[in-house]
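Undergrad: Have a look; sequence and predicted model below, questions after that.
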Amino acid sequence: MDINFNKNEDHNKLLLSELNKRLGQVHLGGGKSRIEKHRSKGKMTAHERINYLLDSGSKSIEIAAFAGEDMYQEHGGCPSGGVVVKIGYIKGKQCLVVANDATVKAGAWFPITAKKNLRAQEIAIENKLPIIYLVDSAGVYLPLQDEIFPDKEHFGRIFRNNAIMSSMGITQISAVMGSCVAGGAYLPIMSDEALIVDKTGSIFLAGSYLVKAAIGESIDNETLGGATTHCEISGVTDYKAKDDKDALDTIKNIIDKIGDYDKAGFNRIEPSKPKENQEDIYGLLPKSRADQYDMHDIIKRLVDNSEFEEYKAGYGKTIITCYARIDGWAVGIVANQRKLVKTKQGEMQFGGVIYNDSADKATRFIANCNQKKIPLVFLQDVTGFMVGSKSEHGGIIKDGAKMVNAVSNSVVPKFTIIIGNSYGAGNYAMCGKAYDPRLIAAWPSAELAVMSGNSAAKVLLQIETASLKKKGETITKEKEEALFNKIKDRYDNQVSPYYAAARIWTDAIIDPLDTRKWLSMGIEAANHAPIEKPFNLGVIQV
């Protein structure tokens, strides 16, 4: 191994260490003291509930763990959006579990909480996955009610989705394991079946204090909406559990009896591990996002037997298109080539840039995968489309539009892994969040923005200095440098994968070695949902 490999390895393993450290912190939710207070009530934490519910030793993936990271600081923060979401297995069946974290503001709903819950429901709807809600929430966080209550993608959309999923035949089970108040009370009752834990679970549209204020009635919360009331008097809930574990065991028994699902029929054979050492990824991926490397080397460490069939290998070389298998599943891979390449005409093309020919090739390959019913995997390390007179005269906008069209209209499931750069329209063409990937994850090395921090800072600096000069201010070299660094630091923070993950622009930041697990479980989830419409590109300019 050369010195650069070792430097890259050290850098990427430090990024991984930082990821694990941050995950450990976010998994503490509201902090150790609040966890102990929560447990003192005889309740398990959100993570403990999910881990008990999922099959012991089985694989699982967590969605949007960093939601809310460094947001709402003036309100005390909202770690992980105050809710935990995982895809895993219950009695061998793949399910999605959503659990309120009552150690974070008593499980109150912040704007990011609603966004995360809606993302969880979107995954369940797209893949027709059974969804289990473990409810323990004080309802809407009132100081931010205007950002969560009335709009289309706000709190009310969740109950609309409950109804839509029910009409689609998607299993929904709710367990009320703590507070469940006001509008939130509709969620468990709009599920197929609802459980409630005795003495700790409660459901009502208004609690005892509000009832007293509204109509003058004096009543305690347990009598108003506890387990006995709703299981024996109102009939609102279907099962009464003695404690958290009893409720979770009941859910397991219900899931165990669900019939099999109609499959999409994606091709799978016996899985094989890559022949190349997967850990080499840490050394192959450059420390600098500007450095070149060969994406073929990364692909060899992600696919079964390190084997793939490359489509149009000699044409449009800044995008690699190939057929392969990941954990036995047949996939079509669209990956940005980050190595400087030479065309047949002897011209050099920059790695990570989408040229006319590479966009044309990718469009055709995406169409082929749709024709053959092969899921698509996008490996992003893209700086954008090629600019300049030659590209413009060659119709780069038209060729780019073809690729975006193909990605948009693709009917096979799409999965996106952001390995490095994800800039500008390159993010769109390579199936960014706006293009409905079933799952989208980033490596710790990822950067998401309109352009790199360095490029953006130069553009913004020009605007800023021009403005200052108009005001008659003298710009010295030192002042210009200080201004550049200030702009770049602010922008660099925004291109961080954690900034993106906090806002759920990605579903997770993952260890590169977990990529195969994410893609495999994602395709397995997608196999629950047969393709219901034909592939049609609509009107495109040829």
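TA: It's in.
Undergrad: Please count neighbours and contacts with C-alpha atoms only from this point.
TA: Will do.
Undergrad: Report the next helix or strand after the lowest-mean-pLDDT helix or strand in the chain in sequence order.
TA: Least confident helix or strand of the chain, by mean pLDDT, DSSP states H and E, is helix 453-470 with a mean of 77. Scanning forward in sequence from helix 453-470 by DSSP states H and E, the next helix or strand is helix 477-495.
Undergrad: Would you indicate which residues of that next one are buried?
TA: Within helix 477-495, the residues scored as buried using 16 or more other Cα atoms under 10 Å are 480, 483-485, 487-488, 491-492, 494-495.
Undergrad: So which of those is the closest to residue 524?
TA: Nearest to residue 524 among those is residue 495, at 31.1 Å by Cα to Cα.
Undergrad: Just to check, the closest one is in contact with residue 447?
TA: Yes: counting by Cα atoms under 8 Å, residue 447 is a contact partner of residue 495 at 5.0 Å.
Undergrad: hang on, the earlier thing: let's have the buried residues of helix 477-495 in a markdown table, adding pLDDT.
TA: Formatted as a markdown table, those follow (pLDDT from 0 to 100):
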| residue | pLDDT |
| --- | --- |
| 480 | 78 |
| 483 | 80 |
| 484 | 82 |
| 485 | 83 |
| 487 | 80 |
| 488 | 80 |
| 491 | 79 |
| 492 | 81 |
| 494 | 89 |
| 495 | 90 |
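Undergrad: in the stretch 51-200 of the chain, which spans are helices?
TA: Applying DSSP state H, counting those that start in this stretch to the stretch 51-200 of the chain gives helices spanning 111-127, 156-168, 186-189.
Undergrad: now, which of the buried residues of helix 477-495 sits nearest residue 186?
TA: Closest to residue 186, out of all of the buried residues of helix 477-495 and judged by Cα to Cα, is residue 494, at 36.9 Å.
Undergrad: Could you check how far that closest one is from residue 503?
TA: In this view, residue 494 and residue 503 are 11 Å apart by Cα to Cα, to the nearest Å.
Undergrad: returning to what we had before: how far off helix 477-495 does the least confident helix or strand of the chain point, in degrees?
TA: 130 degrees (axes from the mean of the first three to the mean of the last three Cα atoms, to 10 degrees).
Undergrad: which residues of the stretch 251-400 of the chain score low on pLDDT?
TA: Residue ranges of the stretch 251-400 of the chain with pLDDT under 70: none are present.
Undergrad: hmm, 80 instead?
TA: 344-345, 387, 393-395 (pLDDT under 80).
Undergrad: Pretty sure residue 428 sits in a helix.
TA: Yes: counting by DSSP: H, G, I helix; E, B strand; the rest coil, residue 428 is part of a helix.
Undergrad: show me the contacts for it.
TA: Counting by Cα atoms under 8 Å, 6 or more residues apart in numbering, residue 428 touches 404, 434-435.
Undergrad: What residues sit buried inside stretch 305-318?
TA: Counting neighbours by 16+ other Cα under 10 Å, stretch 305-318 gives 305-308, 311-312, 316-318 as buried.
Undergrad: Hmm, I typed the wrong one, I wanted stretch 34-41.
TA: Applying 16+ other Cα under 10 Å to stretch 34-41 flags 34-35, 38 as buried.
Undergrad: quick one: which of those residues is nearest to residue 344?
TA: Nearest to residue 344, judged by Cα to Cα, of the buried residues of stretch 34-41 is residue 35 at 63.1 Å.
Undergrad: gap between that closest one and residue 48?
TA: For residue 35, the distance to residue 48 - Cα to Cα - is 11 Å.
Undergrad: Quick check: phi and psi on the residue lying farthest from the centre of the chain?
TA: What lies farthest from the middle of the chain is residue 472; by Cα atoms, centre = their mean that is 47.7 Å. Torsion angles at residue 472 (phi, psi; degrees, to the nearest 10) stand at phi 90, psi 10.
Undergrad: Check which residues of stretch 137-155 are buried.
TA: For stretch 137-155, the neighbour count (16+ other Cα under 10 Å) marks 137-141, 147-149, 154-155 as buried.
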